[in-house]
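Asks: Model the following, please.
(one chain, ligands or ions: 2)
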Amino acid sequence: MVKAVVLGAAGGIGQPLSLLLKANPLITELGLFDIVNTPGVAADLSHISTPAKVVGYLPPDDGLKKVLTNADVVVIPAGVPRKPGELIVMVTRRDDLFKINAGIVRDLATGIATAAPKAFILVISNPVNSTVPIVAEVLKKHGVFDPKRLFGVTTLDVVRASTFVAEILGDLSLSKSVAVPVVGGHSGVTIVPLLSQSSHPLPANLTTDQYEALVKRIQFGGDEVVKAKDGAGSATLSMAYAGAEFAAKLIRAIGGEKGVSAPTFVNLSADPSGGEALKKELGQDLDYFSTVVELGPEGVAKINTLGSLTDAETALVKAAIPELATNIQTGVSFIASPKL
Ligand SMILES: NC(=O)c1ccc[n+]([C@@H]2O[C@H](COP(=O)([O-])OP(=O)(O)OC[C@H]3O[C@@H](n4cnc5c(N)ncnc54)[C@H](O)[C@@H]3O)[C@@H](O)[C@H]2O)c1
Ligand SMILES: O=C(O)C[C@H](O)C(=O)O
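Replies: Residues are numbered from 1 along each chain as shown. Ligands and ions are numbered 1, 2, ... in the order given. As a prediction, the model looks like this:
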């Protein structure tokens, strides 16, 4: 029996993500929460002939508490998306996206801390590099933080890397099997594809310019969609696919399946020895990093180090660290001083 909950379920990501979760036969109950429209979305999905019982909740009458009660997995795509020209790459400034989403995520995390403190939490809301620390700080304040159960969803970067590499190999049918570890964080230069570790090697005759263009496309894939949508938001359908893929992996792992792993943005104390080894490798005392994580019944089972990198990849990791450190601190400080 698995109860999955989507917070922000009526949105551009929320609806297709809820559809894909409804299609997952391992999910027996699906709770949908948003500030609007969830009764309609739930009624619609409830007619699909798969096991999950679907119920939609709104904020009145303790809707958040009700949806979270007995939740095993909580996925959070609530918040505002980017429009052209805005960057999810934030430095110390609090742009509108951060200010709005930080408050939304803080309030939802408060609900989780009280109604579902043992749930596995999958954060999609941007900027992930900051919203994940926000959730952690809220859970810490309530004395219920378990770093093994908190994940920043960076799967869209992994999905993009697989697709773009398959395109370069000239065979999109490979994209499901191409596996590229994408590490670091989820914004601009903090997104670091380790293409030398791709399951399917890049063509030997790929030029440096082509390699650099591929790295850039993976790092700034979100911009491609924001531009194409021309004011109508950012990636929703590919994100729903990616979020459902990550949730499905986690549900399989917590159900006892062995050998399940994925890159994800985690607090490095989730596996102290793996986390320390990774920090040593990075030469930096970061509290969070996205890396390949082995998943198990408790959530994070093992944090993997990056392994052997090319000089170009080492430079990308080095370039990611300062921005990542700032983003993490921005999230932590938001809870320490919420009025800023
Ligand atoms: N992690 C990633 O790779 C990734 C990819 C794409 C988008 N995103 C982010 O996901 C978020 C959602 O994007 P979207 O395109 O679905 O936006 P959207 O505006 O279409 O949907 C957001 C939904 O959140 C709801 N919401 C707002 N406040 C809420 C609250 N307090 N409680 C519950 N629900 C609330 C809204 O009503 C809306 O239905 C954005 O922050 C976006 O940047 C992340
Ligand atoms: O780019 C965005 O703002 C949305 C998302 O993070 C993405 O990678 O597509």
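Asks: contacts and neighbour counts: CA atoms only from here.
Replies: Will do.
Asks: how about A312, what does it touch?
Replies: Contacts of A312 were listed using Cα atoms under 8 Å, 6 or more residues apart in numbering, and none were found.
Asks: So it, which state does it fall into?
Replies: A312 carries the three-state label helix when classified by DSSP: H, G, I helix; E, B strand; the rest coil.
Asks: any idea how far it is from E212?
Replies: 9 Å (Cα to Cα, to the nearest Å).
Asks: And V80, by the same measure?
Replies: Distance from V80 to E212, counting by Cα to Cα: 31 Å.
Asks: Which one's more surrounded, those two?
Replies: Higher neighbour count among V80 and E212: V80, with 18 against 11, using other Cα atoms under 10 Å.
Asks: wait, doesn't the more buried one sit right on I100?
Replies: Yes. The pair V80 / I100 is scored as a contact, 7.2 Å apart, by Cα atoms under 8 Å.
Asks: Return the residues of the stretch 151-300 of the chain in contact with ligand 2.
Replies: With Cα under 6 Å from any ligand atom as the criterion, the stretch 151-300 of the chain meets ligand 2 at residues 222-223, 234-235.
Asks: what's the closest of those residues to ligand 2?
Replies: Set against ligand 2, the nearest of these by Cα to the nearest ligand atom is G222 (3.3 Å).
Asks: The closest one: what's it in contact with?
Replies: 234-235.
Asks: now do the one 3 residues further on
Replies: Each residue near V225 by Cα under 8 Å, 6+ apart is listed here: 234-235.
Asks: Quick check: which element contains it?
Replies: helix 221-229 (DSSP states H and E).
Asks: Just the buried residues of that helix, please?
Replies: Buried residues in helix 221-229, counted by 16 or more other Cα atoms under 10 Å: 221-223, 225-226.
Asks: what separates that helix from the chain centre, distance-wise?
Replies: 18 Å (Cα atoms, centre = their mean, to the nearest Å).
Asks: again with stretch 274-290
Replies: With Cα atoms, centre = their mean, you get 19 Å for stretch 274-290.
Asks: That one spans what distance, first to last residue?
Replies: Note: stretch 274-290 ends 13 Å apart using Cα to Cα.
Asks: ok, and does that stretch reach over to ligand 1?
Replies: No. Counting by Cα under 6 Å from any ligand atom, ligand 1 is not contacted by stretch 274-290; separation bottoms out at 12.1 Å.
Asks: circling back to that earlier point, show me the contact partners of the helix or strand following the helix holding V225.
Replies: For helix 221-229, the succeeding helix or strand toward the C-terminus, using DSSP H and E, is helix 237-254. Outside helix 237-254, the residues within contact range by Cα under 8 Å, 6+ apart are 2, 12-14, 16-17, 20-21, 24, 26, 73, 122, 124, 153, 155-156, 159, 260-262, 295-299.
Asks: Cross these against strands and list the overlap.
Replies: If you go by DSSP state E, those have 73, 122, 260-262, 295-296, 299 in strands.
Asks: which of those residues are close to ligand 1?
Replies: Okay, of the ones in strands among the contacts of helix 237-254, nothing touches ligand 1 (Cα under 6 Å from any ligand atom).
Asks: Kindly indicate which of these lies nearest P201.
Replies: A262 (19.1 Å; Cα to Cα).
Asks: sorry, back to before: anything in contact with each of V80 and I100?
Replies: In contact with both V80 and I100: no residue, using Cα under 8 Å, 6+ apart.
Asks: how about the strands in the stretch 1-150 of the chain?
Replies: Under the criterion DSSP state E, counting those that start in this stretch, the stretch 1-150 of the chain contains strands at 3-7, 29-33, 53-57, 73-76, 120-123, 150-152.
Asks: now those as a markdown table including mean pLDDT, mean neighbour count and distance to I321?
Replies: Output for the strands of the stretch 1-150 of the chain, formatted as a markdown table (pLDDT from 0 to 100; neighbours: other Cα atoms under 10 Å; distance: least, Cα to Cα, whole Å):
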| stretch | mean pLDDT | mean neighbour count | distance to I321 |
| --- | --- | --- | --- |
| strand 3-7 | 98 | 26 | 30 |
| strand 29-33 | 98 | 27 | 35 |
| strand 53-57 | 98 | 22 | 40 |
| strand 73-76 | 98 | 26 | 25 |
| strand 120-123 | 98 | 26 | 21 |
| strand 150-152 | 98 | 27 | 17 |
